[in-house]
Each structure stands twice: as structure tokens, then as C-alpha cells.
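Peer 1: Sequence first, then the predicted structure, then my questions.
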Amino acid sequence: MPATIHLSHYRGDTFQQAFLIEELAVDAACAENGTPIDLTGYEIRMQIRADASDRTTAPLAEFGNTSPLTGITGSAAGELEIDGGILDVPAGNYTYDIEFTDGDGVVTTHIDGEFIVTDDATHDQPD
């Protein structure tokens, strides 16, 4: 199951987010221990949608680490960074997930959640 992490963002601001992707294991004392996943060689995609089940409408925003998508980098230490630039999505409550495809074609969704966009008060006046 993916980790559920809710994100919030102000419309028109730069979207930047960092995650540490770990494989969780439980030891003999029932304590969770995380081991970073080496993200080298993974194809990583993130989509923000109004409705996760909608397969016909393009996502409101999409980022990735393989052409033509940009904005995501992953490291051997499990560090995932998203630099989506200015994100001008209308205010609202959306859903997102981040999908990882390894070199063997195995697809895993490690993160999902709500993506809440709030209108900001500071913006340019219309011409």
C-alpha cells in the first residue's frame, strides 16, 4: 500500500516537494526500520487529477524523470525531489499519486493523497 501524504499548495507559487522513499521492514521487536530504495534506473511519474478514476481527461499537472516529462529527480539514497516550477492549477481539492517503474517493468505506487490548491491573495492585476 502506498503512503498517504496530503499536500497543499498556493495557486501560482513554485511547486517543490521532497520525499525519502524507503522499503519498510519490521524487526523482531516489532519496530519499523526503513531502508532507502535506490531510485537509479526507475521511471518516476506524478499526476494531479480532479478525479483519479477519470481515464479520458488529461491530468491538471504531470511531472516525471523521463522525456517528455520533467521536474522529478531520484537518487541512489532514496531521495525524490519534485521541482514543478510555477503551478497555476485552479483552487480546489484534487488527488495525486507517484508511480515508480523499475528496470524490469514492475510498477509500484509508493505515494498518494489529496492535493489541495488554495487561491493566493497576491497576484498580478488583469490588463
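Peer 2: Arrived safely.
Peer 1: In space, what's closest to Thr35 - neighbours in sequence excluded?
Peer 2: In space, and not counting its chain neighbours, Thr35 is closest to Glu23: 5.1 Å by Cβ to Cβ, 6 or more residues apart in numbering. Where you see a C-beta, it was placed from the backbone N, CA and C, and this is true even at glycine.
Peer 1: residues near that neighbour, how many?
Peer 2: Glu23 is flanked by 11 other residues according to other Cβ atoms under 10 Å.
Peer 1: gap between it and Glu43?
Peer 2: Counting by Cβ to Cβ, to the nearest Å, the gap from Glu23 to Glu43 is 18 Å.
Peer 1: next one: Asp13
Peer 2: Distance, Asp13 to Glu43, using Cβ to Cβ: 27 Å.
Peer 1: Tell me which of these two has more neighbours.
Peer 2: Counted by other Cβ under 10 Å, Asp13 and Glu43 do not tie: Glu43 has more neighbours, with 17 against 14.
Peer 1: Quick check: the more buried one touching Gly103?
Peer 2: No: the criterion here is Cβ atoms under 8 Å, and Glu43 misses it with Gly103 at 9.0 Å.
Peer 1: Can you find the helix or strand of this structure with the lowest average pLDDT?
Peer 2: strand 22-26 (a mean of 70; mean pLDDT, DSSP states H and E).
Peer 1: buried stuff in the strand ranked longest in the chain?
Peer 2: Using DSSP state E, we find that the single longest strand of the chain is strand 107-118. The neighbour-count check on strand 107-118 (16 or more other Cβ atoms under 10 Å) flags His110, Ile111, Asp112, Gly113, Phe115, Val117 as buried.
Peer 1: same deal with stretch 71-83?
Peer 2: Across stretch 71-83, burial judged by 16+ other Cβ under 10 Å covers Gly71, Ile72, Gly74, Gly78, Leu80, Ile82.
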